[in-house]
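Student: 3D, please:
(chains A and B)
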Protein chains: 2
Amino acid sequence: MISGAWIEEAKNRLEGKIRKTPLTYDSKLDVYLKWENHQNTGAFKIRGALNKTLSLETWEQERGLVAASAGNHGLGVAYTARLLGTKATIFIPENSVENKEKMMHEYGAVVVKVSGNYAEAEREAQAYAIKKGSTWISPYNDEQVIAGQATLGLEIVDQIDPFDASACIVPVSGGGLIAGIGSAFRYLHKNIKLIGVQSKNSSYFYSLYQYGSQKEVIESTSIADGLSGAIEKNSITIPLVRSMLDDFILVDEEEIERAIVYCYLRFGQTIEGSAAVPLAAILSHKISFPKCVLIISGGNIQLELLTALCERWKDMIIQND
Amino acid sequence: MISGAWIEEAKNRLEGKIRKTPLTYDSKLDVYLKWENHQNTGAFKIRGALNKTLSLETWEQERGLVAASAGNHGLGVAYTARLLGTKATIFIPENSVENKEKMMHEYGAVVVKVSGNYAEAEREAQAYAIKKGSTWISPYNDEQVIAGQATLGLEIVDQIDPFDASACIVPVSGGGLIAGIGSAFRYLHKNIKLIGVQSKNSSYFYSLYQYGSQKEVIESTSIADGLSGAIEKNSITIPLVRSMLDDFILVDEEEIERAIVYCYLRFGQTIEGSAAVPLAAILSHKISFPKCVLIISGGNIQLELLTALCERWKDMIIQND
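Tutor: Residues are numbered from 1 along each chain as shown, chains lettered A, B, ... in the order given. Presented below is the predicted three-dimensional model:
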């Protein structure tokens, strides 16, 4: 696990620079909801990117940051660079969503669109970082990034008093968030089960966890696009997650879509597909724990998509509390 | 003012039936934001409607509730009736927004669309209530409704510790919310300035406050539709608000629209026009207080409208924190 000392350091570094996001309890579902969609940049990723960057020497920070991401990690790195007065260069796949690209520009980042998919963007980004002497900020395969995400775990423990959650349900992509939250719980000696959720359509980490290999995974498009993509070989998150996870759940596209609409109709919160997978797991009764914490990891869904989903699932009746 | 005993009674009645909504601090604007868009039905109105109904005798509750409202008050009454297993009949003006009507239906209310405006809906609703022996639930001209809204003030004081807010900025329509919050602050001996905000396009209460009359008001359409309409003659909120308010601000349509978009882009929160007027007052620099509390009263904006506003104000740059 990531050490308590590193997690405390991360907390101190981020103090005053990120938002303490709300946590609410819903009595009907008997869940706590950690609303990380309220976070700067609309997602938790800023925690890891900012902590990693603040852990660098000043001269390293000044030589700029490089990332590959068309999503929240890219936003987090762009935001970090602006906050610290340095330069971010973000490589994005050619099929990226326009509004996040626009947001990265607004944060002052240089955005490079590659001809190819995420893997290609990552290759070009890493080559560029080496050439320029800039720092490559991994989205998950980095101890300081994970320590940053761990601050979300500290915050949860701080917000629930007395701490009575039995489990914490976390979206999984590269495993950085769940490894961070799990490390924070262990550090604080909290006996809370840790449940990962991923979409069926891109079940790389699930496959690694269940079968020890991701070779057999056949990927298809998912509305939880932030959770897509294969895991870096030998990523430090793999043993971390293996040692900490209690269960791993898959949810399908319909379940995720319905969870997005449910969250909007019942809580007035616009959340992205990746953030909806814990709620999808609960609403589809795939898991059930008293007073579990659902990590609502981000809110960056396009309004047009949310509108279309509300139309598609308009017959969904939200029962009374 | 509404007495502390009534406010405490309201708190006890609502306990476990409404949500404790989040309050966050934003360092850039130096404001606290009270996110009542997280509330059941998406707005604070449920507090007053539910408290009023719970204050009735059981036989009165069983004879049903009647209201006139195409908005959050109607939703609050419909929700209340469902929760308590009684019947709600909601009279709505002919030009009502379809999605709120649909929500009232989902809560099980009988919705009666009148041919005419809000005043006509109110007349028909009150006549219907008398004929049926049902209880007319006023949106603001009722001490128990105001005591319900006062619980929002209690919650704020409870959430900021040590309590360091200098002012609280509240949307004003009929004055029930601000009278309630002001009563709670006085009851708890909190010396917090109370600032009302209304849209220029429907400045009835402002006119009453400044000139003692609303006769000269010329109303035009406002995106803050929930704040529109003349004040009931001899409403108990008029002397209450007069005795408690420190200032009253008007904001125009452009300022409200920009506040809605700002709130979405910076906090990921979809809020309705009525809820955006305190933020509009701050962003347009019409008022400034250190650490003031902005009441974000509700989130029920149509997604299509929010999308259009984001397009209209797409050149608005959200500065970094």
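
Student: below-threshold pLDDT in the stretch 101-250 of chain A: ranges please.
Tutor: Under the criterion pLDDT under 70, the flagged ranges of the stretch 101-250 of chain A are A:161-163.

Student: OK, contacts around the residue of it found nearest chain B?
Tutor: Using CB to the nearest CB, the closest approach of the stretch 101-250 of chain A to chain B is made by A:Glu106 at 6.0 Å. (Each C-beta comes from the backbone N, C-alpha and C, glycine too.) A:Glu106 is in contact with B:317-318, counting by CB atoms under 8 Å, 6 or more residues apart in numbering or on different chains.

Student: how close does it get to A:Asp315?
Tutor: 38 Å (CB to CB, to the nearest Å).

Student: quickly list the domain ranges of chain A.
Tutor: A:4-43+A:142-320, A:46-136 (automatic domain parsing).

Student: quick one on the thing from earlier: quick check: the residue of the stretch 101-250 of chain A closest to chain B vs A:Leu84, distance?
Tutor: Counting by CB to CB, the gap from A:Glu106 to A:Leu84 is 17 Å.

Student: ok, A:Ile7 next?
Tutor: 21 Å.

Student: ok, now A:His73?
Tutor: 17 Å.

Student: more neighbours, these two?
Tutor: Ranked by neighbour count (other CB atoms under 10 Å in any protein chain shown), A:His73 and A:Leu84 place A:His73 first, with 27 against 18.

Student: residues touching that one, list them.
Tutor: A:45, A:48-49, A:67, A:137, A:139.

Student: related to what we said a few turns ago, so which of the domains of chain A is nearest B:Ser55?
Tutor: B:Ser55 lies closest, by CB to CB, to one member of the domains of chain A: domain A:4-43+A:142-320, at 20.6 Å.

Student: so, in contact with chain B or not, that closest one?
Tutor: Yes - contact between domain A:4-43+A:142-320 and chain B, assessed by CB under 8 Å from any CB of the partner chain, occurs at A:16-17, A:19-27, A:35, A:37-38, A:40, A:42, A:267-270, A:299-300, A:303-304, A:306-307, A:310, A:317-318, A:320.

Student: out of those residues, which are inside helices?
Tutor: Those of the residues of domain A:4-43+A:142-320 next to chain B mapping onto helices are A:267, A:303-304, A:306-307, A:310, per DSSP state H.

Student: neighbour-wise, which of the contacts of A:His73 leads?
Tutor: Busiest of those [other CB under 10 Å] is A:Lys45, holding 34 neighbours.

Student: distance of that residue from chain B?
Tutor: Distance check for A:Lys45 against chain B: by CB to the nearest CB, to the nearest Å, it reads 14 Å.

Student: the residue of the stretch 51-200 of chain A found nearest chain B: how many residues sit nearby?
Tutor: Proximity of the stretch 51-200 of chain A to chain B (CB to the nearest CB) peaks at A:Arg82, 5.1 Å away. A count of neighbours around A:Arg82, defined by other CB under 10 Å, yields 18.

Student: got the buried residues for stretch A:301-321?
Tutor: A:301, A:303, A:305-307, A:309-310, A:313, A:321 (16 or more other CB atoms under 10 Å in any protein chain shown).

Student: can I get it as PDB, trimmed to CA atoms?
Tutor: The C-alpha trace of stretch A:301-321 is given here as PDB (Å, rounded to 0.1, in the frame of the first residue of the first chain):
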ATOM      1  CA  ILE A 301     -21.000  14.500 -19.100                       C
ATOM      2  CA  GLN A 302     -22.100  16.400 -22.200                       C
ATOM      3  CA  LEU A 303     -25.500  18.000 -21.700                       C
ATOM      4  CA  GLU A 304     -26.700  16.800 -25.100                       C
ATOM      5  CA  LEU A 305     -25.900  13.200 -24.000                       C
ATOM      6  CA  LEU A 306     -27.700  13.600 -20.700                       C
ATOM      7  CA  THR A 307     -30.700  15.000 -22.500                       C
ATOM      8  CA  ALA A 308     -30.700  12.100 -24.900                       C
ATOM      9  CA  LEU A 309     -30.500   9.600 -22.000                       C
ATOM     10  CA  CYS A 310     -33.300  11.300 -20.100                       C
ATOM     11  CA  GLU A 311     -35.400  10.900 -23.300                       C
ATOM     12  CA  ARG A 312     -34.400   7.300 -23.800                       C
ATOM     13  CA  TRP A 313     -35.300   6.300 -20.200                       C
ATOM     14  CA  LYS A 314     -38.200   8.700 -19.700                       C
ATOM     15  CA  ASP A 315     -40.500   6.000 -18.500                       C
ATOM     16  CA  MET A 316     -38.300   5.400 -15.500                       C
ATOM     17  CA  ILE A 317     -40.300   6.300 -12.500                       C
ATOM     18  CA  ILE A 318     -38.400   7.600  -9.500                       C
ATOM     19  CA  GLN A 319     -40.100   6.300  -6.500                       C
ATOM     20  CA  ASN A 320     -40.700   8.500  -3.500                       C
ATOM     21  CA  ASP A 321     -38.300   8.600  -0.600                       C
END
